[in-house]
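A.B. asks: here's my sequence, what's the structure:
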Amino acid sequence: MKAKTIIIIVIIALVLIVLIQNVAVIELQFLFWQISMSRFILMLLLLLIGFALGFLTAKMKKK
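C.D. replies: Model prediction:
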């Protein structure tokens, strides 16, 4: 395996460990809305949004 592949696997494993350890239900208040959700889901959503924004930014820089 290449070094890049091993590093990606290790990072994914660490992220999964952090996400699995944060399963408590939290209340999120945004303006007038109040949402109860698992911290796992919130962290996963924020992680995916961050990856998507980074991907789109990199795509736009290439053009």
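A.B. asks: so which residue is dead centre in the protein?
C.D. replies: Residue closest to the mean C-alpha point of the chain, counted by C-alpha atoms, centre = their mean, is L47 at 1.6 Å.
A.B. asks: which strands and helices sit next to the helix or strand where it lies?
C.D. replies: Secondary structure assigned from DSSP states H and E places L47 in helix 39-62. With contacts defined as 3 or more C-beta pairs under 8 Å, 6 or more residues apart in numbering; DSSP states H and E, helix 39-62 has these neighbours: helix 3-21, strand 25-30. To be clear about C-beta, it is placed using only N, CA and C from the backbone, and glycine gets the same treatment.
A.B. asks: which other residues reach that helix?
C.D. replies: Outside helix 39-62, the residues that touch it by C-beta atoms under 8 Å, 6 or more residues apart in numbering are 15, 18-20, 22-26, 28.
A.B. asks: mind doing that once more with 6 Å?
C.D. replies: 19, 22-24, 26 (C-beta atoms under 6 Å, 6 or more residues apart in numbering).
A.B. asks: can you put the helices and strands packed on helix 39-62 in TSV and add distance to K61, mean neighbour count and mean pLDDT?
C.D. replies: As requested, the helices and strands packed on helix 39-62 are exported to TSV (distance: least, C-beta to C-beta, whole Å; neighbours: other C-beta atoms under 10 Å; pLDDT from 0 to 100):
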stretch	distance to K61	mean neighbour count	mean pLDDT
helix 3-21	20	10	87
strand 25-30	30	9	86
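A.B. asks: could you dump these into CSV with distance to A58 added?
C.D. replies: CSV is the format used below for the helices and strands packed on helix 39-62 (distance: least, C-beta to C-beta, whole Å):
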stretch, distance to A58
helix 3-21, 16
strand 25-30, 28
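A.B. asks: and L48, what's its pLDDT?
C.D. replies: At L48, the pLDDT value in this model is 90.
A.B. asks: what's around it, how many residues?
C.D. replies: By other C-beta atoms under 10 Å, 10 other residues sit near L48.
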